[in-house]
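**Q** Just the structure for this:
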Amino acid sequence: MKFGAANDPQQGWLDVDARKGIPELPPGLSAAWTRIALPPLDYSSPALYVDTLYALHVKVYLEERLVFEGDRSYIKDNYSLLIPLSTKDQGKTLYIWTETLQDRIGIKDKVLIGEHRVLMKEFMKHGLIDIVLGSAFIFVAIVLFVCAFYLNREYFSIAVSLAIVIASTGILSITYSPFIYTFYSGLGPVSIILLDLALLSLLPSLTFLFEKIFGSGKFAVIRRFRKFQVVYSAFCLSWLVINSLSGNTFVEFYYFISTTIVGYILIAQFILLIACVIIYAARRNKDAIIFAVGFGAAALTGVSELLWYYARNGNYDLYLWKWGLVVFIMSLIVIVGRRLALSHQQVVKYSRELELFNNELQRSEKMEIISELAASVAHEVRNPLQVTRGFLQLLSGKTNGGDKKYMLMALSELDRASNIITDFLTFAKPEFEQTSILNLQEEFNHIRSILLPLCHLNGGNMELTVADNLWVKGSSSKFKQAFINMIKNSIEAFGEEGNIDLTAYRKGDHVFIHIRDNGEGMDPQVLSRLGEPYFSNKTKGTGLGLMVTFRIIEAMQGEVRFLSTKGAGTESITILPLADAPEADSRSL
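**A** Predicted structure coming up:
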């Protein structure tokens, strides 16, 4: 292959090896000839294929016959040529005349000669993958932009800026591809404008997205750089309009500010953002680590290619950058998706907390109503009950025969009504008039002595395991009342050979008390309603016993939990604050 940097194709020829790249254009010249001697053409339909040729104006001659001509009025000097040949053309000379306004000219890669249908596939695929990739980006950007309107205000700006970044990348991929200029050359001027608009939109929107995710940085350097990019992009856009309206009069100046300077700004942006990402990643920011992986891939390919582009004086086509941006955009989508997922988890968490709060509020309202009712009614009812019981007791002493049995039944029912009134009063006023430091071993030994006969009557047994030196603060009578209620429930749930295990131990600053039985157990529906007013799974139960127990434990700054399986028994877990031992006991220790 011969290369001639002269207006006369018969003089000044240089031997050129395509594997060593294109030669430099002699100073003062903007046109050159390339001469190719055609070898034997042993093909049914031979053709000549040039993958990449740099020029703005191209003419191809076979001997003296013009077989192709292309002329571009815009600065996009990447040509791809497929020249059909005939078997009669072997041995002839092919001349390619090229003219340019830039610093590179001629055939970049080797020239292929082969079967026309085979080379046509290569010709059609040249740059097609860029179109597919860019179209996919634009589609994703449109979907993301539409979805942004369904997000809250906090994420709307992030989603829109990410959509602009993705759309700009897609437009860059399409408009940078040689496919458009090869097969749709008439769209070249529009493609150049769209490429510039995409690049000038990508830079500030990327910095804005970084700022929204990670903040403005120390001394607000990210925000200041973003404002500079917005101003410079507006400056370039104004010159784009001026150059277009003046018929490309200022094309060289516009090319300098929109390509050369923007390239240096892009390098500075990559360096700035990657430095900030390294700082954030060092602080173990997960978003920064994800961003660093994606942005590192884009920055490494982008900066490397730009530096190589300038080192080669523009004799290089950028193509790796788009794959780096694919990785980067994927990382951005992961970051935004992760933010949305975390936001959704927060919403779910708040919803559950709100539901629990509402349930607790309803429970508190019920408790307040019961408290007010108990406080206002209990005293008024208790007095006539005691008077009635006193007269019935006098009459029972003077009654003989069968009537006495009815008198005793009436007294028993009055006692049961009195106990209910007592539960109401305890519930209405759970706070203790006199509090003391209680030794749990002594308290539970007393409780066991009270309930063990009842346990034996129901065919069961009760085992007690209480660690030494366990102290809590409260009222001894109220404490006994609370645990007698729970243990009685376990006794009433006995089947055959019932057993109750009571265990108490210290864990940290709290005392844990377990009451486990092997009774009939409860369903989850019943378990969830324990402690509700008037709810009971016993035939004659009022539901007040556990309600009073809960109020007593709450007054002692504790809590009660229940675990139960139908047919396998129930376990209650009471957690109370550990109190300091009395001084006398402390000295004995």
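**Q** hang on, Q269 packs against P204?
**A** No - with contact defined as Cβ atoms under 8 Å, Q269 and P204 do not form a contacting pair (9.6 Å). C-beta here means a position set from N, CA and C on the backbone, and glycine is covered the same way.
**Q** so what's in contact with the two at the same time?
**A** Shared contacts of Q269 and P204, defined by Cβ atoms under 8 Å, 6 or more residues apart in numbering, are found at Q229.
**Q** Any buried residues in the helix or strand I575 falls within, and which?
**A** Of the helices and strands defined by DSSP states H and E, I575 is found in strand 569-577. Within strand 569-577, the residues that count as buried by 16 or more other Cβ atoms under 10 Å are G569, T570, E571, S572, T574, L576.
**Q** next one: stretch 189-197
**A** Within stretch 189-197, the residues that qualify as buried are S191, I192, I193, L194, L195, D196, L197, counting by 16+ other Cβ under 10 Å.
**Q** now these in TSV, with secondary structure and pLDDT?
**A** Converted to TSV, these look like this (DSSP: H, G, I helix; E, B strand; the rest coil; pLDDT from 0 to 100):
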residue	secondary structure	pLDDT
S191	helix	88
I192	helix	85
I193	helix	87
L194	helix	90
L195	helix	88
D196	helix	88
L197	helix	91
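**Q** got the residues you listed as a markdown table, with distance to G247 columns?
**A** Converted to a markdown table, the buried residues of stretch 189-197 look like this (distance: Cβ to Cβ, whole Å):
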| residue | distance to G247 |
| --- | --- |
| S191 | 18 |
| I192 | 14 |
| I193 | 14 |
| L194 | 19 |
| L195 | 19 |
| D196 | 17 |
| L197 | 20 |
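**Q** The stretch 101-250 of the chain: strands as residue ranges?
**A** Ranges of strands within the stretch 101-250 of the chain are 106-107, 111-115, based on DSSP state E, counting those that start in this stretch.
**Q** Which one of those lies nearest to Y232?
**A** Shortest distance between Y232 and the strands of the stretch 101-250 of the chain, using Cβ to Cβ, is found for strand 106-107: 33.9 Å.
**Q** Regarding this structure, what is its longest helix?
**A** Taking DSSP state H as the assignment, the helix of the chain that covers the most residues is helix 321-398.
**Q** Need the mean per-residue confidence for that one.
**A** Averaged over helix 321-398, pLDDT sits at 75.
**Q** now swap in stretch 412-428 and tell me
**A** The average pLDDT for stretch 412-428 rounds to 68.
**Q** Distance from stretch 263-280 to the middle of the chain?
**A** 25 Å (Cα atoms, centre = their mean, to the nearest Å).
**Q** Report the rounded mean pLDDT for it.
**A** Per-residue confidence for stretch 263-280 averages out to 81 on the pLDDT scale.
**Q** go on, stretch 106-126?
**A** Confidence over stretch 106-126 (mean pLDDT, whole number) is 86.
**Q** Against L112, how distant is A163?
**A** Computed as Cβ to Cβ, to the nearest Å, the A163 to L112 distance reads 41 Å.
**Q** next one: H514
**A** For H514, the distance to L112 under the criterion Cβ to Cβ works out to 85 Å.
**Q** likewise V262?
**A** As judged by Cβ to Cβ, V262 and L112 stand 35 Å apart.
**Q** V58: what secondary structure?
**A** When the structure is split into helix, strand and coil by DSSP: H, G, I helix; E, B strand; the rest coil, V58 lands in strand.
**Q** ok, the closest residue in space to it that isn't next to it in sequence to F183 distance?
**A** In space, and not counting its chain neighbours, V58 is closest to G70: 4.6 Å by Cβ to Cβ, 6 or more residues apart in numbering. Separation of G70 from F183 (Cβ to Cβ) stands at 12 Å.
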